[in-house]
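Trainee: this one's structure only:
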């Protein structure tokens, strides 16, 4: 396998006496879709926060493209090419879908300390933003205020904004959360279309989607990675089954 | 921008519609100058989501910069205006550097406190009149000419600068810079997630708003030929904030409508009774409770 | 500058700090429990002073004035809450700031219309007249010491209430997890009325106590309000302990800065510029201190919310 794009080693985070991230290590190769699954409370969201830069780990290292990023904030990491989508949709409701994506294009193309020229008429920004919207099938809705999009469309926009950043790694935090069956199908189709173009770290609850998409899967239980392997191997892993069956019994 | 254009056109025509005598022109000049300050405050509140309760201090710093120069007999606009705007921008930059690190209610309180600091400083400047204020030797000259002493020239100067401030702010809001600013108001986390740190954008906006307010301070000082610490009083900051809300946060033109409405209302109530604030205060409360969207919102609905 | 002067000004500073605490405590609790920013809290202090001075003049007794002013201040506070404030809890901070600013304009003017613009006098009660000797040849007014003691006693009482009673526990919980407390079936609105009324009374009490030593005039609430804001910002919004420490700090810095800086500067410069620079710097000192503290800790010394 080629050299890893993202290397997480010995990551630890405690809240009070509770270890929510307990010596987590894994890596994501270029072009790979690496899924992180785990029962509720396994520490998936905390892990995403530490990877994207909104939460500082207590110990451990996160290398991205060969560079240590553990001390950097969300914005710095984004500029390096680490794009994060949010579990709870986080778009700009008062901006059109196109402007939501154009802001992301703007962030990586030249200075934004420009005060006079109208940004809305910049062809360069709009064309790339439109391409990102088209890539997720939202081109027809470009002029609609993001606040007025349906839930599924917002999830698509969330993806488009991440793509508009032209990232090296997509960090997708439950991209299917709250989506209905049809929306899920559409979103999975979009993600499948991205395979090979981007490295993706996918945190997702929908097991069917995960097993359909992922090249490799890491299983997180009580803050620890108990297994990282190919989907077929994970499916057969007794420990993993126990962790999930345990959850099913409780539920 | 229609409503604002109507107001500006009205102000342009006013001297020929029976508002040409000294008293009316003074009142209108005050309205235009405060409208300019309100426009700069709108950039912060409506544009960047920074609720400042210390904006009068920017106005005051500009005015006191003029006082210092006036005392040294430097009265030409070519020097005074850049120095005053620079001083106000610098004050905004320094206080903003601390204030913008905080957010929400902390920001409100800190801007209030810095405004109060500037107020007490102005009060203790005994060399410039302290509490009693400072009377200018005269209005500024422009390249040696005493043009500003002509009431009509001053009227149209204020109008022109207000229009410029309005236009400039509108452009900035639509620019790349303004887009980041507006986006950060709606959702700062989203803006960071695509790679922007909102802090430098907010700070630059804060300093720019300070500079424009400083210019308004220079004009206000010239209008009255008198500067006092009351320019910086926190109540004045509250008034400015009220103008912005009265007009409506939904659009920049609200700042102009709000300021003109405010000054006229104040004037009218002042004629009715000495204790006009007994009416003004409750009106303010009622407008906050019921006038959502401000005057602009009323115009749109009606 | 002598040791005696330093002692006197230090005591004055503590006494002012205690008054500030009484005002700031209500402000910080109200903000903590209801996320409500109330600029009109300062007028509560002013009303206390006016009611106290008037009732004392009317009854001819400081003590009757004090005892009657407290419920009167409470009633004023609750009427305001009922008329205006309760319609603002769900609104954003900007609306709260403006509406309560409107209340200030109204009440300051109302006070001016009723009592006039001239400062009111309130005599020191005979029981607390005179001075105590701090050092040979140095007298300090008994009344000012009484303010200090009364303020500290109320602060202690408040601490017991907040830290040791069931209601206090609810208030503390409400400050950090209001929705949770509401979900537990506690009547948040009732709890808030209680906190609000209590805060209004504390501020009113501070106003009555301050009336004989400070000038009672229509703008007196505003000055105190802004310093109280500085106090709760430094202390950490919602924290009573933070407010107490910050209030003493602000009181001492403000008083010592204004009185001693001109003298200190005279050591390094000529008398006249020293007086001017000292006065300017002295009045800025509190705000500079605040800026420094916030530059290091943007959420104050004792942040309540994470």
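Mentor: Here it is on my side, so go on. Model, not experiment: these values are computed from the prediction.
Trainee: When you work out contacts or count neighbours from here on, use the C-alpha atoms and nothing else.
Mentor: Fine.
Trainee: From residue B:165, how far out is residue C:118?
Mentor: Residue C:118 is 42 Å from residue B:165, where distance means CA to CA, to the nearest Å.
Trainee: ok, these two, which is more surrounded?
Mentor: For residue C:118 versus residue B:165, neighbours defined as other CA atoms under 10 Å in any protein chain shown are more numerous around residue B:165 (19 against 11).
Trainee: Backbone torsions only: list them for that one.
Mentor: Phi and psi for residue B:165, reported as degrees, to the nearest 10, are phi -60, psi -40.
Trainee: Tell me how many other residues crowd the nearest residue to it once chain neighbours are set aside.
Mentor: Nearest residue to residue B:165, sequence neighbours excluded (CA to CA, 6 or more residues apart in numbering or on different chains): residue B:36, at 6.6 Å. Residues lying near residue B:36 (other CA under 10 Å) number 29.
Trainee: Just give the number of residues close to residue B:149.
Mentor: 15.
Trainee: Residue B:273 too?
Mentor: 11.
Trainee: One more: residue C:3?
Mentor: So residue C:3, with other CA under 10 Å, has 9 neighbours.
Trainee: The residue in the stretch 51-200 of chain A that chain C sits nearest to in helix, strand or coil?
Mentor: Chain C sits closest to residue A:55 of the stretch 51-200 of chain A, with a gap of 13.1 Å, by CA to the nearest CA. At residue A:55 the chain is in coil, as set by DSSP: H, G, I helix; E, B strand; the rest coil.
Trainee: Tell me the secondary structure at the nearest residue to it once chain neighbours are set aside.
Mentor: Distances taken as CA to CA, 6+ apart put residue A:49 closest to residue A:55, at 5.2 Å, once the chain neighbours are dropped. Going by three-state DSSP, the secondary structure assigned to residue A:49 is helix.
Trainee: Do I have it right that residue A:49 meets residue A:70?
Mentor: No - here residue A:49 does not reach residue A:70: they are 11.5 Å apart, not a contact under CA atoms under 8 Å.
Trainee: neighbour-wise, which of these two wins?
Mentor: Ranked by neighbour count (other CA under 10 Å), residue A:49 and residue A:70 place residue A:70 first, with 22 against 17.
Trainee: Can you tell me which residue of the stretch 151-300 of chain B sits closest to chain A?
Mentor: Nearest residue of the stretch 151-300 of chain B to chain A: residue B:195, at 4.0 Å (CA to the nearest CA).
Trainee: so that residue is in which element?
Mentor: Counting by DSSP states H and E, no helix or strand carries residue B:195.
Trainee: you'd agree residue A:98 is up against residue A:130?
Mentor: Yes - under the criterion of CA under 8 Å, residue A:98 makes contact with residue A:130 at 6.5 Å.
Trainee: give me every residue that touches residue A:97.
Mentor: By CA atoms under 8 Å, 6 or more residues apart in numbering or on different chains, residue A:97 lies in contact with A:141, A:142, A:143, A:144, A:145, A:146, A:157.
Trainee: Quick one, grab the pLDDT at it.
Mentor: Note on residue A:97: pLDDT of 96.
Trainee: cool, residue C:180 as well?
Mentor: The model's pLDDT for residue C:180 equals 69.
Trainee: Then the one 5 residues further on?
Mentor: Listed pLDDT for residue C:185 reads 69.
Trainee: What of the one 5 residues further on?
Mentor: For residue C:190, the pLDDT comes out at 79.
Trainee: so it, which of the three states?
Mentor: helix.
Trainee: For the closest residue to residue C:252 other than its chain neighbours, give its distance to chain A.
Mentor: Distances taken as CA to CA, 6+ apart put residue C:13 closest to residue C:252, at 3.9 Å, once the chain neighbours are dropped. For residue C:13, the distance to chain A equals 40 Å [CA to the nearest CA, to the nearest Å].
Trainee: what's the answer for residue B:138, then?
Mentor: 36 Å.
Trainee: Of residue A:98 and residue A:130, give the one with the bigger neighbour count.
Mentor: residue A:98 (29 against 21).
Trainee: Would you mind naming the helix or strand containing that one?
Mentor: Element membership for residue A:98 (DSSP H and E) is helix A:97-108.
Trainee: same deal with residue B:173?
Mentor: Going by DSSP H and E, residue B:173 is in helix B:151-174.
Trainee: ok, now which ones touch residue C:50?
Mentor: Residues in contact with residue C:50 (CA under 8 Å, 6+ apart) are C:120, C:207, C:208, C:211, C:216.
Trainee: Restricted to helices, list those residues.
Mentor: Using DSSP state H, the members of the contacts of residue C:50 that fall in helices are C:207, C:208.
Trainee: Out of the contacts of residue C:50, grab the one that's most surrounded.
Mentor: Most crowded among the contacts of residue C:50, counting by other CA under 10 Å, is residue C:207 at 35 neighbours.
Trainee: on that earlier part again, let me know how buried the residue of the stretch 151-300 of chain B closest to chain A is, in neighbour terms.
Mentor: Based on other CA under 10 Å, the number of other residues close to residue B:195 is 27.
Trainee: got a list of what the spatially closest residue to it that is not a sequence neighbour touches?
Mentor: Among residues not flanking residue B:195 along the chain, residue A:75 sits closest, at 4.0 Å (CA to CA, 6+ apart). The contact partners of residue A:75, taken as CA under 8 Å, 6+ apart, are B:192, B:193, B:194, B:195, B:196, B:197.
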